[in-house]
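> need a 3D model of the following:
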Amino acid sequence: MDLERRLDLVKAPPTEEVITERELRKLLETSEHPEHYIGFEISGYLHLGTLFLCGYKVNDLAEAGFNCKIYLADWHSFINNKLGGSWENIIKASKYYEEAFKFFCPKAKIVLGSDLYHNNDEYWKDVIRFSKHVTLSRNKRCLTIMGRNQSEQLDFAQYIYPPMQGVDVKYLAEDMPQGGMDQRKVHVLAREVFPKLGWKKPIPLHNHLLMGLAEPPSLSGESKVEKVIAAKMSKSKPWTAIFIHDSDEEVRQKLLKAWCPIKQTELNPVLELVKYVIFRERRQFLVERPVKYGGSVSFSSYEELEREYANGKIHPMDLKLSVAREISKIIDPIRRHFETPSNRKLLEVF
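Purely as a prediction, here's the structure:
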């Protein structure tokens, strides 16, 4: 595969940014198989934003020649009180995550945090080495990577989370750590600290965060990135998330209640599903509607649909029902995968 094709795969949606593209080009010029990883806390059911959007990018990178790893961060999950802070349940749930990502990202290697850290004295030494170059105030600014903010009352263990994630990069993939835009602060920190320790500076890739289906919170004065982070799909708000196990009717009901203002294309979660999921899976998208309202219409690009919606030529209800139809079809293979008796048993922990 030629260089430009590899670059295109790395930068294709849902990629939002690569820090930096110049360094990325140099990396691909000098390495056929760079190292990559993306890490996940282990908590509840997987949804479209976690498995599909992140998984799409993992698959792009694997096609571009990267050695890809899916990191199941059980220690980080325990620190961040996932699944009630039960380490036993976190380990059980990791088997579910492993099965899902093996299905969706077959070329990626699955790594469990406990396996990475076991008998790894050098890792813990590096956590201290890294931390000696980070002020407390800078560390606190990175707490957004775990869905926290500086004003919350946190236990001390949670302050160890950012340095651990920074050092994870060295041990899992010095070339390219991947994360949502909410992981940007710790990756930028790693780029600043690593050279001071004589470590290779990573080239982070940040993918888009799929919006939840609810009306986005009003954050006056915040940047668009901060608004997107605040509005992201989250399993902690199940009514705003489409899970990979949702039935056709559950998907339909969630879409019917979704935030989808007429003519509004920015921060519209229903349009986001078309842009980042449906057109990733389909070359055409059919909006079904009664003949008296113009009849069904087919779109061959997201831009075409967005333009028609902005002009008021597509009604939100027709869009919602058509999106529900396609999303149900798209999640059906992974949904059926977990309906086998052995895989269904993996869900009992939740």
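> am I right that residue 23 sits in a strand?
No: assigned with DSSP: H, G, I helix; E, B strand; the rest coil, residue 23 falls outside any strand and is helix.
> and the gap between it and residue 214?
Taking C-beta to C-beta, to the nearest Å as the measure, residue 23 falls 37 Å from residue 214. Every residue, glycine included, has its C-beta placed from N, CA and C.
> and what of residue 96?
Residue 96 sits 25 Å away from residue 214, going by C-beta to C-beta.
> neighbour count winner among these two?
A direct count of neighbours by other C-beta atoms under 10 Å for residue 96 and residue 214 places residue 96 higher, at 22 against 17.
> Three-state assignment for the nearest residue to that one once chain neighbours are set aside, please.
Distance criterion C-beta to C-beta, 6 or more residues apart in numbering; nearest residue to residue 96, sequence neighbours excluded, is residue 346 at 4.1 Å. Three-state call for residue 346 (three-state DSSP): helix.
> need the contact list for residue 346.
By C-beta atoms under 8 Å, 6 or more residues apart in numbering, residue 346 lies in contact with 95, 96, 99, 338.
> can you tell me which of those are in helices?
95, 96, 99 (DSSP state H).
> looking at the first one now. What's its pLDDT?
The one in question is residue 95. For residue 95, the model assigns a pLDDT of 98.
> wait, what's in contact with it?
Applying C-beta under 8 Å, 6+ apart, we find residue 95 in contact with residue 346.
> and the helix or strand bottoming out on mean pLDDT in the chain, how far out from the chain's middle?
Least confident helix or strand of the chain, by mean pLDDT, DSSP states H and E, is helix 224-230 with a mean of 78. Put simply, helix 224-230 sits 14 Å off its chain's centre (C-alpha atoms, centre = their mean, to the nearest Å).
> contacts for the following helix or strand past it?
Where DSSP states H and E defines the elements, the next helix or strand beyond helix 224-230 is helix 248-256. Outside helix 248-256, the residues within contact range by C-beta under 8 Å, 6+ apart are 213, 239-240, 242, 246, 270, 320-321, 323-324, 327-328, 331.
> just the buried residues of those residues.
Using 16 or more other C-beta atoms under 10 Å as the burial test, the contacts of helix 248-256 include 213, 240, 242, 246, 270, 320, 321, 323, 324, 327, 328, 331 as buried.
> just to revisit the earlier point, including distance to residue 48, could the contacts of residue 346 go into TSV?
Formatted as TSV, those follow (distance: C-beta to C-beta, whole Å):
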residue	distance to residue 48
95	21
96	16
99	17
338	15
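> ok, so of the residues you listed, who is nearest residue 147?
For the contacts of residue 346, the closest approach to residue 147 (C-beta to C-beta) belongs to residue 96, at 20.3 Å.
> where does pLDDT dip in the protein?
Scanning the chain for pLDDT under 70 picks out the ranges 145-146, 148-152, 219-222.
> the strands in it, which residues?
15-18, 35-40, 67-72, 109-112, 176-180, 205-207, 285-287, 297-299 (DSSP state E).
> in its sheet, what does the second one sit against?
According to DSSP bridges, strand 35-40 forms sheet pairs with strand 67-72 (parallel), strand 176-180 (parallel).
> farthest-separated two in the buried ones among the contacts of helix 248-256?
Maximum distance among the buried ones among the contacts of helix 248-256 (C-beta to C-beta): 18.4 Å, for 240 and 321.
> next, the buried residues of stretch 207-226.
Across stretch 207-226, burial judged by 16+ other C-beta under 10 Å covers 207, 208, 209, 210, 211, 212, 213, 214, 216.
> which residue lies farthest from the center of the chain?
The outermost residue of the chain, judged against the average C-alpha position, is residue 292 (40.3 Å), by C-alpha atoms, centre = their mean.
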